[in-house]
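[1] Attaching a predicted model along with its sequence, questions to come.
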Amino acid sequence: MAQNFRNDLESATGTGAATLLTGANYDAVIGVRCCNIVATTILVDVYITNTATNYYIAKNVSIPPNSAIELIQGGAKIVMASGDTLNVKSDTASSLDVVMSYIDTISS
């Protein structure tokens, strides 16, 4: 079965939530890396919104200056239903780079 691997890159994300992915036909998130690009510690939220409710993958995670965290690893996956959105934000303006990988439209 063929799969379509995709990514989303967000640069200098800040205090307004950035949407990394809007789910369609059961996409699978296979990687989320968050990197602090400023000289002070930041707090990061990564969450899925489903029907106006936020479900946190990470909440107020502290990332030291010039450091990164990997939120999905070791073969883990998060499946997103159609209409779900994967969002990320920082407590500091223009402070966060994000690399997200996913499989587009999982086939059966």
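    Arrived safely, thanks for sending.
[2] Show me what the spatially closest residue to Ala58 that is not a sequence neighbour is bridged to.
    In space, and not counting its chain neighbours, Ala58 is closest to Val46: 4.5 Å by CB to CB, 6 or more residues apart in numbering. C-beta here means a position set from N, CA and C on the backbone, and glycine is covered the same way. When assigned by DSSP bridges, Val46 has beta-bridge partners Ala58, Val88.
[3] my guess is Val46 contacts Val32, does it?
    Yes - with contact defined as CB atoms under 8 Å, Val46 counts as touching Val32 (6.1 Å).
[4] element containing the residue nearest the centre of the chain, please.
    Nearest to the centroid of the C-alpha atoms of the chain, with distances taken as CA atoms, centre = their mean, sits Val32, at 5.0 Å. Applying DSSP states H and E as the criterion places Val32 in strand 27-36.
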